[in-house]
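Novice: what follows is a predicted structure for the sequence shown.
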Amino acid sequence: MRRCLNHHRRLSSRSLATTTAQPSWRSAVHNKNASVNALVYVAPEDAGNATDGLLNGMTVAVKDNICTKDMPTTCSSAMLRDFKSPLDATVTRLLKDSGATIIGKANCDEFGMGSLNVHSVHGPVVNPYQHPSSAADWDARERRSAGGSSGGSAAAVAAGMCDAALATDTGGSVRLPASYCGVVGLKPSYGVISRWGVVSFADSLDCVGVIGKDVASTSKLFGVLSAFDERDPTAARPTTREKARELCSEHMSEWVSSGPGNLTNLRIGIPQEYFPASLDSSIVSPFRRVVRALKNRGATVLPVSLPNTSYALSAYYVIASAEASSNLARYDGVQYGLHVPFPPDSIARSPGEVYAHSRTAGFGAEVKRRILLGTYALTADAFDNYFLQAQRLRRRIRDDFMRVFRVPNPLARSASPHVDGVHLLLHPSAVRTAPRLDEQDGSLDAYTQDVLTVPASLAGLPALSVPMAVGVEGDGWPLGVSVVGQWGCETMVLAVGAEIEGAERALQS
């Protein structure tokens, strides 16, 4: 089951023995990946990209649930451990066409299900961060989670193995790892980046996102990937994209015209419901520091209310699990996925027993839990009380966002600006810093890590996690702050993210 990881280790050792001058990313992989476990497959020595494009010189890792025809795509599951896609996902093709160097496949929670990247057939991802006060060797550092489900993507960027990484976000799987690892993570608006060639978890929530070493590299990669793809039935149409660009530009002009570093006329909302009792008190001080920095640049900061936020996590797990149970039904060991033959002395009585035998061996414990939960939510007895109720709550959560934004929703048939609304929302990316890997005992805490990221996913909105400067507060591990905007307003979100990044870096210089 660790075939891909072992392949990487053999490849790394062989390459160092035969090559005197290596790309810096390959040296970083050789020196760090055995300890971090971020990459489960590394591109061979002769891999490269001679294409001349916008991403020349940029190294990118690809999450293991995104198809690559020249690398395995296992979804970190025994069910697909021998699968090699016959095609590239649209986002993979766009990377290649733009000149990016794909360095390998990034570890993840199995089929994208998890918040801590511990549910992987390749083993858990270990956060590459080391506390500044630690006297231990880096390999002997404190073992903490890199977040999930895109922990491998975030850890690869944080460890210097690549400039950026492709990831997927269903309920926070880009922003949570970015926060834990101290890197930048962008979940785009639903339908802006193509999902064609991405292995589905929950179709109405899945987004391909970008994790980068800084806002500039994240923005550059997003610009290449956010192209309309007619093969993706959930892709936003070109006319909708253009409408969103026009609305975003119109409202950005209210404050961009003030000049670089001047945010006068920018209105930022702080949702009061995003400070739950589970929020670590040490996060409040650095968050307030970010707010002060934005105020000092002229921004107006206002309290806002999103009253249905408390229902988001429950609605998310019902909807995501229901869609997952449907999507994963195809892996029956006959048409798709791992097939485990019955012992010679046993006789299968029905097709169901044949399917169950392979699925029991192929799926991990967390995937099985979600399939069971989702299947129950779709039964006749539970459909109205669970699935339909979750969909109603999802609409209410989306309506909460629409009521507070100043920028009209480009997806709405008719919408007018909310003159008293805000351009963007700001909130902590996570309720705590990265938890220790040895703390994971199967408690419900693992299911509440996404409590601050799930609402934007349910509403399909763009959200960017930017690292906050690590100070004396708390335990000294990375923290992130999230910027959330109206659908299609990634340009606005990234612009304010760059301002936050600049302010936080100034504190560390």
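Specialist: Now that the structure is in, tell me what you want to look at.
Novice: tell me, how many residues neighbour Ala178?
Specialist: Counted with other Cβ atoms under 10 Å, the neighbours of Ala178 add up to 38. Every C-beta, even on glycine, is put in place using the N, C-alpha and C of the backbone.
Novice: the residue nearest to it when sequence neighbours are not counted in helix, strand or coil?
Specialist: Excluding its sequence neighbours, the residue lying closest to Ala178 (Cβ to Cβ, 6 or more residues apart in numbering) is Gly185, at 2.8 Å. On the three-state scheme (DSSP: H, G, I helix; E, B strand; the rest coil), Gly185 is labelled strand.
Novice: show the contacting residues for the residue positioned nearest the centre of the chain.
Specialist: In the chain, the centroid-proximal residue (Cα atoms, centre = their mean) is Val174; its distance is 1.7 Å. Contacts for Val174 (Cβ atoms under 8 Å, 6 or more residues apart in numbering) come out as 150, 153, 167-168, 185-187, 207, 209-211, 465.
Novice: out of the residues you listed, who has the most neighbours?
Specialist: Of all the contacts of Val174, the most densely surrounded is Ser153 (41 neighbours; neighbours counted as other Cβ under 10 Å).
Novice: quick revisit: mind checking how far the residue nearest to Ala178 is from Gly152?
Specialist: Gly185 is 13 Å from Gly152, where distance means Cβ to Cβ, to the nearest Å.
Novice: surely Leu263 is in contact with Ala299?
Specialist: Yes - in this structure, Leu263 is within contact of Ala299 by Cβ atoms under 8 Å, at 4.0 Å.
Novice: any common contacting residues for these two?
Specialist: Listed contacts common to Leu263 and Ala299 are Trp255; contacts here mean Cβ under 8 Å, 6+ apart.
Novice: the bottom helix or strand of the chain by mean pLDDT?
Specialist: helix 3-18 (a mean of 43; mean pLDDT, DSSP states H and E).
Novice: following element in sequence after that helix, please.
Specialist: Following helix 3-18 in sequence order, the next helix or strand is helix 24-36 (DSSP states H and E).
Novice: can you list the weak-confidence ranges in the stretch 51-200 of the chain?
Specialist: Along the stretch 51-200 of the chain, no part satisfies pLDDT under 70.
Novice: quick revisit: among the contacts of Val174, name the ones in strands.
Specialist: 167-168, 185-187, 207, 209-211, 465 (DSSP state E).
Novice: quick one, helices of the protein?
Specialist: 3-18, 24-36, 90-97, 151-158, 175-181, 215-225, 238-256, 284-296, 312-327, 351-362, 365-377, 389-404, 454-459, 490-508 (DSSP state H).
Novice: what about the residue lying closest to Ala412 once chain neighbours are set aside, how many residues nearby?
Specialist: Distances taken as Cβ to Cβ, 6+ apart put Met402 closest to Ala412, at 7.7 Å, once the chain neighbours are dropped. Burial of Met402, expressed as a neighbour count using other Cβ under 10 Å, amounts to 19.
Novice: so how far is Asn265 from Met402?
Specialist: For Met402 relative to Asn265 (Cβ to Cβ), the value is 21 Å.
Novice: next: Arg392.
Specialist: Arg392 is 36 Å from Asn265, where distance means Cβ to Cβ.
Novice: next one: Gly374
Specialist: Distance of Gly374 to Asn265, computed by Cβ to Cβ: 45 Å.
Novice: how about the helices of the chain in JSON lines, adding distance to Pro343?
Specialist: Putting the helices of the chain into JSON lines (distance: least, Cβ to Cβ, whole Å) gives the following:
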{"stretch": "helix 3-18", "distance to Pro343": "24"}
{"stretch": "helix 24-36", "distance to Pro343": "37"}
{"stretch": "helix 90-97", "distance to Pro343": "40"}
{"stretch": "helix 151-158", "distance to Pro343": "35"}
{"stretch": "helix 175-181", "distance to Pro343": "41"}
{"stretch": "helix 215-225", "distance to Pro343": "47"}
{"stretch": "helix 238-256", "distance to Pro343": "55"}
{"stretch": "helix 284-296", "distance to Pro343": "57"}
{"stretch": "helix 312-327", "distance to Pro343": "28"}
{"stretch": "helix 351-362", "distance to Pro343": "10"}
{"stretch": "helix 365-377", "distance to Pro343": "22"}
{"stretch": "helix 389-404", "distance to Pro343": "41"}
{"stretch": "helix 454-459", "distance to Pro343": "43"}
{"stretch": "helix 490-508", "distance to Pro343": "54"}
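Novice: between these, which gets nearest to Lys63?
Specialist: helix 151-158 (5.3 Å; Cβ to Cβ).
Novice: just for the stretch 251-400 of the chain, where's the confidence low?
Specialist: Along the stretch 251-400 of the chain, the parts satisfying pLDDT under 70 run over 348.
Novice: so Gly374 and Asn265 - more neighbours on which side?
Specialist: A direct count of neighbours by other Cβ under 10 Å for Gly374 and Asn265 places Gly374 higher, at 24 against 17.
Novice: correct me, but that one touches Ala322?
Specialist: Yes - using Cβ under 8 Å, Gly374 is in contact with Ala322, at 4.2 Å.
Novice: return the set of buried residues in stretch 293-300.
Specialist: Within stretch 293-300, the residues scored as buried using 16 or more other Cβ atoms under 10 Å are 293-294, 297, 299-300.
Novice: no wait, stretch 272-285
Specialist: 273-275, 279, 282-283.
Novice: just stretch 122-134 next, same as before
Specialist: 122, 124-130.
Novice: burial count for Ser414?
Specialist: Residues near Ser414, counting by other Cβ under 10 Å, number 6.
Novice: repeat that for the one 5 residues further on.
Specialist: When neighbours are defined as other Cβ under 10 Å, Val419 has 6 of them.
Novice: which residues touch it?
Specialist: Arg406.
Novice: how about it, phi and psi?
Specialist: phi -60, psi -30 (degrees, to the nearest 10).
Novice: how much space between it and Cys248?
Specialist: In terms of Cβ to Cβ, Val419 sits 17 Å off from Cys248.
Novice: wait, isn't Ser98 in contact with Val224?
Specialist: Yes - the pair Ser98 / Val224 is scored as a contact, 4.9 Å apart, by Cβ under 8 Å.
Novice: joint contacts of the two?
Specialist: Joint contacts of Ser98 and Val224 (Cβ under 8 Å, 6+ apart) are 54-55.
Novice: as CSV, the contacts of Val174 with distance to Val36 would be great.
Specialist: CSV is the format used below for these (distance: Cβ to Cβ, whole Å):
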residue, distance to Val36
Ser150, 14
Ser153, 12
Ala167, 16
Thr168, 20
Gly185, 17
Leu186, 22
Lys187, 23
Cys207, 25
Gly209, 20
Val210, 20
Ile211, 14
Ser465, 20
